[in-house]
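> What follows is a protein structure lacking sequence information:
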């Protein structure tokens, strides 16, 4: 039996407290937040949250397109329980100093 025919495996990340992949039906409406709200709640920078979603560590959901007042829309929502869970292990990495020219 090949590895692809074995039992399905879950991607790392996107886990809730019980250790299984969080389903959208398990979320309440107040659990879905926009990036700036997740940043304010957890302290994790927005680019890090977007990178987690891009890498499949957290799920992203389609937003409602509210206008921000600057001509932009909020388009992507994230599950706050997943962001909180990932934020527990987040450590900011200091960036390297640019080389002297």
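Happy to help now that I have it. If you're wondering where the values come from, they're calculated on a predicted model, not measured in any experiment.
> buried stuff in the helix or strand bottoming out on mean pLDDT in the chain?
In the chain, the helix or strand scored least confidently by mean pLDDT, DSSP states H and E is strand 60-62, which has a mean of 83. Of the residues in strand 60-62, residue 60 count as buried by neighbour count, 16 or more other Cβ atoms under 10 Å. Just so you know, the C-beta spots here come from the backbone N, C-alpha and C atoms, and that holds for glycine as well.
> Count the neighbours of the nearest residue to residue 31 once chain neighbours are set aside for me.
Setting aside the residues directly before and after it, residue 31 is nearest to residue 80 in space (Cβ to Cβ, 6 or more residues apart in numbering), at 5.1 Å. Per other Cβ atoms under 10 Å, the neighbour tally for residue 80 reads 20.
> cool, the one 10 residues further on as well?
For residue 90, the tally of surrounding residues (other Cβ under 10 Å) stands at 15.
> phi, psi of it?
For residue 90, the backbone dihedrals are phi -70, psi 130 (criterion: degrees, to the nearest 10).
> Over to the closest residue in space to it that isn't next to it in sequence. Which of the three states is it?
Nearest in space to residue 90, with sequence neighbours left out and distances taken as Cβ to Cβ, 6+ apart, is residue 44 at 5.3 Å. For residue 44, the reduced secondary structure class is coil; criterion used: DSSP: H, G, I helix; E, B strand; the rest coil.
> give the contact list for the residue nearest to residue 31.
In this structure, residue 80 makes contact with 30-33, 37-38, 41, judged by Cβ atoms under 8 Å, 6 or more residues apart in numbering.
> now the residues you listed in CSV, with secondary structure and distance to residue 97?
Rendered in CSV, the data for the contacts of residue 80 read as follows (DSSP: H, G, I helix; E, B strand; the rest coil; distance: Cβ to Cβ, whole Å):
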residue, secondary structure, distance to residue 97
30, helix, 42
31, helix, 39
32, strand, 39
33, strand, 34
37, helix, 32
38, helix, 29
41, helix, 31
